[in-house]
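S.K.: Fold the following and give me the result.
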Amino acid sequence: HNPLVFVFTLVGGGLIMLWVERKPEYAKHGSNETATSVRATAHTMEEITWKQALIVGFAQCLAMVPGTSRSGATIVSGMLSGIHRKTATEFSFFLAMPTMLAATVYDLYTNGAALSSDQTWGIVVGFVAAFFSALFLVKAVLRFVSRYTYRPFAWYRIGLGMVVLCWLYLR
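M.R.: Have a look, this model is predicted:
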């Protein structure tokens, strides 16, 4: 892959996040967990329409482009399609489960024969540890999203993109 693709997707994704966060119709109104956007039509998972889910699913396909944040693409597209910020984040996490499971099963199917039994146990232990740490982190992220915007993550992406760009030109 061309390393400039990473720079473009990191910076571009950060700029899109900042743009969405600055638009009044997506801005947070209120300071607690009931904060909502003016435009949101789906405030719970059950209220997400098939069209909104399809938009988020298409955005998830963008994550195949190197440097694209799968969660960033799905959350922002969810917000743009009218899903409340916290609900879009929750939906993004649920959407990741079958996607990552399918990728893992495919990778094990294509490369599993090359694994020793010790390596297989390492994968099992890693999977269990990742599962339980994700349960903790998802709750923490949902609490964060309920109180704050995605601006810190957007600036992080832009900064990282600039670091990668500098690294490319200084090497």
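S.K.: For the host helix or strand of residue 161, buried residues please.
M.R.: Assigned by DSSP states H and E, residue 161 falls within helix 151-170. In terms of neighbour count (16 or more other Cβ atoms under 10 Å), helix 151-170 has its buried residues at 153, 154, 157, 158, 160, 161, 164, 165. Backbone N, C-alpha and C define where each C-beta goes, glycine included.
S.K.: Pretty sure the third one sits against residue 17.
M.R.: By that I understand residue 157. Yes - counting by Cβ atoms under 8 Å, residue 157 does reach residue 17; the two are 7.2 Å apart.
S.K.: okay, and the common contacts of these two?
M.R.: Residues touching both residue 157 and residue 17 by Cβ atoms under 8 Å, 6 or more residues apart in numbering: residue 72.
S.K.: Which strand or helix spans the most centrally placed residue in the chain?
M.R.: For the chain, the residue nearest the mean C-alpha position is residue 71 (0.8 Å; Cα atoms, centre = their mean). In the assignment (DSSP H and E), residue 71 maps to helix 70-80.
S.K.: quick one: which of the buried residues of helix 151-170 is nearest to residue 142?
M.R.: Nearest to residue 142, judged by Cβ to Cβ, of the buried residues of helix 151-170 is residue 153 at 14.3 Å.
S.K.: where's the closest one relative to residue 168, distance?
M.R.: Remark: distance between residue 153 and residue 168 (Cβ to Cβ, to the nearest Å) = 23 Å.
S.K.: which element is residue 98 on?
M.R.: In this assignment (DSSP H and E), residue 98 forms part of helix 85-111.
S.K.: in that helix, what counts as buried?
M.R.: 85, 86, 87, 88, 89, 90, 91, 92, 93, 95, 96.
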